[in-house]
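Student: okay, here's the prediction I keep looking at, along with the sequence it came from:
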Amino acid sequence: MDPQGQGQTTSLQRLQNVEKRIVRVLELAGGVMEEMANPSGTRKELVNSHCTEFMQLVKDIQVTLREEIKSACEYRPFEKCDYVPRISNEICCKKLEYVIAQLDEMNQTIDESGEGLRSIPMEL
């Protein structure tokens, strides 16, 4: 498998973990609500424990999502593509071939003109 596929799988796994954390956050919130509605009173240590875990999970979710968003913004699928430089190079080569052909024609014209001038008798 190519490295890009592995990177996408890793990203997908991290997002799936975020989803699981979100489910856990909702479970914790529900647990606290049930505890608050308990007619026999709330167990303070349970509420504190749930709230602490809730806050930690929310922070973890935020960090992971920020990293994933940043990673998605930095992703450039054609960054390592050499098409543009390769085509530019081919165009430059064609231009050089054209210039060389023009120079060859000019040299040939000069040579032919020089031969024509030599065949004309010069009188002083």
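Tutor: That came in fine, so what should we check first? Residues are numbered from 1 along each chain as shown.

Student: now the longest helix seen in the chain, how far from the chain's geometric center?
Tutor: Longest helix in the chain, counting residues (DSSP state H): helix 83-119. Its chain's average C-alpha position is 42 Å from that of helix 83-119, according to Cα atoms, centre = their mean, to the nearest Å.

Student: and what of stretch 31-44?
Tutor: That offset, for stretch 31-44, works out to 48 Å (Cα atoms, centre = their mean).

Student: and that stretch, which residues are buried?
Tutor: With burial defined by 16 or more other Cβ atoms under 10 Å, the residues of stretch 31-44 counted as buried are 31, 32. Any C-beta I mention is one placed from the backbone N, CA and C, and that applies to glycine too.

Student: residues in contact with that stretch?
Tutor: Under the contact criterion Cβ atoms under 8 Å, 6 or more residues apart in numbering, stretch 31-44 has outside partners 46, 47, 50, 51, 54.

Student: quick one, phi psi at residue 39?
Tutor: The phi and psi values for residue 39, taken as degrees, to the nearest 10, are phi -60, psi -30.

Student: check residue 40 too.
Tutor: Backbone torsions for residue 40, taken as degrees, to the nearest 10, come to phi -90, psi 0.

Student: make residue 1 into 18 and carry on from there
Tutor: Sure, I'll start numbering at 18, so the last one becomes residue 57.

Student: what distance do you get for it to residue 51?
Tutor: Relative to residue 51, residue 57 is positioned 12 Å away (criterion: Cβ to Cβ, to the nearest Å).

Student: quick one: what helix or strand has residue 59 in it?
Tutor: Applying DSSP states H and E as the criterion places residue 59 outside every helix and strand.

Student: roughly how far does it sit from residue 120?
Tutor: Taking Cβ to Cβ, one finds residue 59 at 93 Å from residue 120.

Student: my guess is residue 28 contacts residue 85. True?
Tutor: Yes - applying Cβ atoms under 8 Å as the test, residue 28 and residue 85 come out as touching, 6.2 Å apart.
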